[in-house]
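Asks: Kindly generate the corresponding structure for this input.
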Amino acid sequence: MTSTKRKHTIIAQSDLDHENPIINGKKNLDRPKKLKGKSKSKIVDVPTLSHGPGDVSNTFQRYRVKTKSKTDAKLNIFQLPDEIILIILPYLNKASLVAFIQTCRKYRAIGYHPNLWRRIDLSYKRIGSEQLNSLLQRGTVTLKLNQSTIEESNFTYMEPSALCHLDLTAAIISTDLLLNLLRSCTSLRKLSLESIPLNYKIVKKIVANIQLDTLNLAMCTGITFECCRLITNKLSSLRSLNIAWTELSSQSIQYICETIPRCIENLNISGHRYSLTDDCMQTLAHRAFRLHFLDISDSVVISDQSIIALRQHSRLLEHLSASRCYLLSPSALITLKSLPAFTTLDIFGTLAQLPLQQLRNELGTRIQLNMFPLSNIARPTTGIQRTSLWGLRTRS
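Replies: All right, here's what the predicted structure looks like:
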């Protein structure tokens, strides 16, 4: 009889005689042991023809059939749990994330998870007000709109948002749209409106965020005395303030120095050439005794009396910028080295070359001279860190 070829491994008959229920006279309850390894196998009993009468030794043959393990099958992305997909998606940039969302409804629901939209960088972009409102509803906490253009449409209402850090430095935005945007923000902690026209209504919406600790209003216009009253009276947690080159009146400067929050640590009040006087500086030094960084550059009427007031009251001062303050003398500036925490003095254009070198020798190696020509106080982006916002990374 011609034997049929099989793709099986035949186990020797002698190894199976002890399992023959006819030979042993009893049922064998032992089960084959599972083989270790990636591939599994099972044993199959196949009946065969006997060679003669009474021959029972060859009643069956046992074969081991190899089967593929379930782990060898390819895993489909649709089989991944949503939690695993949410771990993968943060590694995509925002353009790839938008393309992923457009794949299907399931991925659209996953892609709108708030954790994926917490930090957004739209610098130098053109965006509509409706798109901005839709973005804020996804749970954005940190938003960078540096030099962006925000177009106003028929859409006039913005729903409340969870924004905590907002950068609108040099952005092109209408007054009504800015007012609408600030109305939707009630939990801001850091805000930059540098080079944007302001008014009393806008400032009133700003101070509604009483937990605000950093405010950059450098080169803003439209800040009146009433606006200064709102800022100093409402923002009691303010620690960093930049009001450089805001064209404030002498009355406004005097009021700020008298009522600024005592917890202020970083202050840029530069650019007020004739408004910032020695009397204002003495009042400021006595009230803001926790100052660490101070910029009074381009104040041409302050003299050595302001330096003496800082040395007496601002014992925590670390950095002073007094560039182009022409009435300051080297003898008064040398006394700043008595401050225990003082490390940096910037006086660009204040002294001639020879007095500047003598001052450098007197200050020693502990105090650095003329290291930072531009102030970083309350500014959202400094130096080469263009993808960060107050130290928080915004771009993937």
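
Asks: how far is stretch 351-366 from where the chain is centred?
Replies: 40 Å (CA atoms, centre = their mean, to the nearest Å).

Asks: Now for the closest residue to residue 185 other than its chain neighbours, how many residues are close by?
Replies: Using CB to CB, 6 or more residues apart in numbering and skipping residues adjacent in sequence, the residue nearest residue 185 is residue 163, 4.9 Å away. (C-beta placed from N, C-alpha, C; glycine too.) Using other CB atoms under 10 Å, residue 163 has 23 neighbouring residues.

Asks: How much space separates residue 163 from residue 382?
Replies: Distance, residue 163 to residue 382, using CB to CB, to the nearest Å: 21 Å.

Asks: about what we covered before: so the residue nearest to residue 185 sits against residue 182, correct?
Replies: No. Residue 163 is not in contact with residue 182 according to CB atoms under 8 Å; the separation is 9.7 Å.

Asks: any weak-confidence spans in the stretch 101-250 of the chain?
Replies: 155-156 (pLDDT under 70).

Asks: Show me what stretch 236-246 is in contact with.
Replies: Contacting residues not belonging to stretch 236-246 are listed as 194, 210-221, 223, 231, 256, 260-261, 263-271, 295, 375, 377-379 [CB atoms under 8 Å, 6 or more residues apart in numbering].

Asks: Which PyMOL command selects the buried ones in these?
Replies: Those of those that count as buried under 16 or more other CB atoms under 10 Å are selected in PyMOL with:
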select buried, resi 194+212+213+214+215+216+217+218+219+220+223+231+256+260+261+264+265+266+267+268+269+270+271+295+375+377+378+379
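
Asks: and residue 317, what is it in contact with?
Replies: 291, 292, 294, 310, 336, 339, 341, 342.

Asks: cool, and residue 318?
Replies: 292, 293, 341, 342, 343, 344.

Asks: Among the residues you listed, which one is most surrounded by other residues?
Replies: residue 342 (21 neighbours).

Asks: Contacts for stretch 76-89, please.
Replies: So stretch 76-89 is contacted by 97, 100, 107, 110, 111, 113, 115, 116 (CB under 8 Å, 6+ apart).

Asks: same thing but 6 Å
Replies: Stretch 76-89 is contacted by residues 110, 113, 116 when judged by CB atoms under 6 Å, 6 or more residues apart in numbering.

Asks: Please apply the same query to stretch 295-308.
Replies: 268, 270-271, 273-274, 276-278, 281, 321-327, 329, 332, 375, 377.

Asks: what does the average pLDDT come to for it?
Replies: Taken as a whole, stretch 295-308 has an average pLDDT of 95.

Asks: Just give me how far that stretch sits from the chain centre.
Replies: 36 Å.

Asks: in that stretch, what counts as buried?
Replies: 295, 296, 297, 298, 299, 301, 302, 303, 306, 307, 308.

Asks: Tell me which two in the residues you listed are the farthest apart.
Replies: Maximum pairwise distance among these (CB to CB): 20.5 Å, between 298 and 308.

Asks: so where do the helices sit in the stretch 201-350 of the chain?
Replies: 225-234, 250-259, 278-287, 304-313, 330-334 (DSSP state H, counting those that start in this stretch).

Asks: just the CA coordinates of the fourth one, formatted as CSV?
Replies: In this case it means helix 304-313. The C-alpha trace of helix 304-313 is given here as CSV (Å, rounded to 0.1, in the frame of the first residue of the first chain):
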residue,chain,number,x,y,z
ASP,A,304,23.7,109.5,43.2
GLN,A,305,20.9,110.0,45.8
SER,A,306,18.9,107.2,44.0
ILE,A,307,21.9,104.8,44.3
ILE,A,308,22.3,105.6,48.0
ALA,A,309,18.6,104.8,48.6
LEU,A,310,18.9,101.5,46.8
ARG,A,311,22.0,100.6,48.8
GLN,A,312,20.2,101.4,52.1
HIS,A,313,16.9,99.7,51.4
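
Asks: just the angle between that helix and helix 278-287, please?
Replies: In terms of direction (axes from the mean of the first three to the mean of the last three CA atoms, to 10 degrees), helix 304-313 departs from helix 278-287 by 10 degrees.

Asks: how much distance is there from helix 304-313 to the middle of the chain?
Replies: Worked out by CA atoms, centre = their mean, helix 304-313 lies 38 Å from the chain centre.

Asks: Give me the three-state assignment for residue 78.
Replies: helix (DSSP: H, G, I helix; E, B strand; the rest coil).

Asks: State the distance from it to residue 176.
Replies: From residue 78 to residue 176 the distance is 46 Å (CB to CB).

Asks: before we move on, what about residue 297?
Replies: For residue 297, the distance to residue 176 - CB to CB - is 35 Å.

Asks: what's the nearest residue to residue 190 if we skip its chain neighbours?
Replies: Going by CB to CB, 6+ apart, residue 190 has residue 214 as its nearest residue, at 4.1 Å.

Asks: who does the one you found bridge with?
Replies: residue 190, residue 240 (DSSP bridges).

Asks: separation between it and residue 391?
Replies: Counting by CB to CB, the gap from residue 214 to residue 391 is 11 Å.

Asks: same question, residue 120
Replies: 16 Å.
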